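A.B. asks: Got a sequence here, can you model it:
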Amino acid sequence: MTSLARAGWGELATPEWRGVRAVTRALVDVLDHRGGAGSTTVAEVASTAGYSTKWTRRCMAILEELGVITWHRGGIADGAPTKSLVRIAKRALVALIVAARPLQAAVVAATREATLERIREARLRWIVEPRERQRRRSRHVELGADRPFKREVSAAYGPPQDGHNYEQINAAGAAAARAAIRRRSA
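C.D. replies: Okay, the predicted model is just below:
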């Protein structure tokens with residue numbers, strides 16, 4: 001069943017076959033996966049497929065006409081309803097898969113060509129040739145630029161305006177760090 005879905009469902013891909021696809025999947029879910037056969041009711045298949053029992057019965061009849069299932073309808077035995085016996089014809093599913101693959105390949109090729117055409121059009125509209133590289137005005141922005149010396153910066157901007165003498169603070173911090181290093185090594 002998964003192979004048929006991957007192959008694009010072939011002739012069953014159009015919207016009018018939506019119910020048939022859902023009922024086919026529901027039958028696969030309800031029946032034994034090893035043999036593809038089992039007993040079930042239309043109501044069980046309908047609840048799994050998400051369709052009404054009337055519509056499920058129609059879709060199962062279509063599947064039976066296509067030869068995808070064999071359906072021996074249940075009845076009433078000793079005053080109680082009996083389940084239907086349904087068997088999925090695996091050869092018919094394989095035939096649907098084989099027929100669906102070329103159709104899916106054509107759809108994929110058309111989609112691929114349409115996508116490539118959209119990409120070509122987008123490149124013509126949006127991709128602009130690179131301009132000549134502009135030089136930066138500031139050395140500070142470039143990653144590989146040398147940093148200016150502290151004195152050059154202070155000379156350019158003048159002394160700090162907040163009243164602190166940062167050269168004395170830095171010198172005192174450096175002296176304290178050197179003293180701590182001496183104490184550890186001693």
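A.B. asks: rest of the way, CA atoms for contacts and neighbours
C.D. replies: Noted.
A.B. asks: Give the other helices and strands that the lengthiest helix in the chain contacts.
C.D. replies: As assigned by DSSP state H, the longest helix anywhere in the chain is helix 90-126. Applying 3 or more Cα pairs under 8 Å, 6 or more residues apart in numbering; DSSP states H and E, one finds that helix 90-126 contacts helix 2-6.
A.B. asks: then the helix it packs on to PDB, C-alphas only?
C.D. replies: Provided in PDB are the C-alpha atoms of helix 2-6 (Å, rounded to 0.1, in the frame of the first residue of the first chain):
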ATOM      1  CA  THR A   2       2.800   2.300   0.800                       C
ATOM      2  CA  SER A   3       4.400   1.600  -2.600                       C
ATOM      3  CA  LEU A   4       1.200   2.600  -4.300                       C
ATOM      4  CA  ALA A   5       1.000   5.900  -2.300                       C
ATOM      5  CA  ARG A   6       4.700   6.600  -3.100                       C
END
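A.B. asks: Tell me the helices and strands packed up against it.
C.D. replies: With contacts taken as 3+ Cα pairs under 8 Å, 6+ apart, helix 2-6 sits against helix 90-126.
A.B. asks: can you do 7 Å?
C.D. replies: Applying 3 or more Cα pairs under 7 Å, 6 or more residues apart in numbering; DSSP states H and E, we find helix 2-6 packed against no helix or strand.
A.B. asks: Tell me the buried residues in it?
C.D. replies: Leu4 (16 or more other Cα atoms under 10 Å).
A.B. asks: now do stretch 59-73
C.D. replies: The neighbour-count check on stretch 59-73 (16+ other Cα under 10 Å) flags Cys59, Met60, Ala61, Leu63, Glu64, Gly67, Val68, Ile69, Thr70, Trp71 as buried.
A.B. asks: on that earlier part again, mean confidence (pLDDT) on the longest helix of the chain, please.
C.D. replies: Confidence over helix 90-126 (mean pLDDT, whole number) is 88.
A.B. asks: Determine how far it lies from the middle of the whole chain.
C.D. replies: From the chain centre to the centre of helix 90-126 is a distance of 18 Å (Cα atoms, centre = their mean, to the nearest Å).
A.B. asks: got it, and stretch 22-31?
C.D. replies: For stretch 22-31, the gap between its own C-alpha mean and the chain's C-alpha mean amounts to 25 Å (Cα atoms, centre = their mean).
A.B. asks: for it, what is the average pLDDT?
C.D. replies: For stretch 22-31, the mean pLDDT works out to 93.
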